[in-house]
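Colleague: sequence first, predicted coordinates after that:
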Amino acid sequence: MQLHDLKPNEGSKRNRKRVGRGMASGSGKTAGRGTKGQNSRTSGGVRPYHSGGNLPFFRKLPFLRGEGFTPRNRVRYAEVNLDSLTGFEAGSEVNPETLKAAGLLKGKGLPIKIMGRGDIKVALKIKAHKVTDGARQKIEEAGGSIETIELA
């Protein structure tokens, strides 16, 4: 199959209906808009958030303070739990490159945060951007060390 062989499925494309072109066309006179009323007029109709005279839905909601729900300059982290570090051998170094090679990182290019779920049995040298207090305590109890990497 070549690029020039591609065609839409049979019957999936239709010509647009030209309305208001005389009574013989079947869509003359009012052109499918009905008679009179706001929606029959040129550029008539209501705004998308119009609620028929009721208080619009978005005005019933509480005010959003600041820049919205999430801060604009928030730093997102790729989270790695301790229970996923069980595959590493004792004394090995765990850094962003080794985590990526092991397939433990989900986000692309995100800074790494070590979380405290699970237990760790072996001493590891961990280099990460952030470590939770619980994870730090468990790593040090197992005889490992932690080095924090500065955010770029």
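Modeller: That came in fine, so what should we check first?
Colleague: check which helices and strands the longest helix along the chain sits against.
Modeller: Assignment by DSSP state H gives helix 133-141 as the longest helix of the chain. For helix 133-141, the elements it packs on are strand 112-115, strand 145-148, judged by 3 or more Cβ pairs under 8 Å, 6 or more residues apart in numbering; DSSP states H and E. In short, each C-beta sits where N, CA and C put it, glycine included.
Colleague: for this structure, give me the ranges with low pLDDT.
Modeller: 64-69 (pLDDT under 70).
Colleague: ranges for the strands of it?
Modeller: 78-81, 93-94, 112-115, 125-128, 130-131, 145-148 (DSSP state E).
Colleague: picking up where we left off before, so of the helices and strands packed on helix 133-141, which one's packed in deepest?
Modeller: Greatest average neighbour count among these goes to strand 112-115 (a mean of 21), per mean count of other Cβ atoms under 10 Å.
Colleague: wait, what's in contact with Gly103?
Modeller: Neighbouring residues of Gly103 by Cβ atoms under 8 Å, 6 or more residues apart in numbering: there are none.
Colleague: swap in Phe58?
Modeller: So Phe58 contacts Tyr49 (Cβ under 8 Å, 6+ apart).
Colleague: distance to Ser25 added to the helices and strands packed on helix 133-141, as CSV?
Modeller: CSV is the format used below for those (distance: least, Cβ to Cβ, whole Å):
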stretch, distance to Ser25
strand 112-115, 65
strand 145-148, 73
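Colleague: out of those, which comes closest to Lys125?
Modeller: strand 145-148 (5.3 Å; Cβ to Cβ).
Colleague: show me what that closest one is packed up against.
Modeller: strand 125-128, strand 130-131, helix 133-141.
Colleague: from the middle of its chain, how far away would it be?
Modeller: 31 Å (Cα atoms, centre = their mean, to the nearest Å).
Colleague: if anything else comes up later, I'll come back, but that's it for now.
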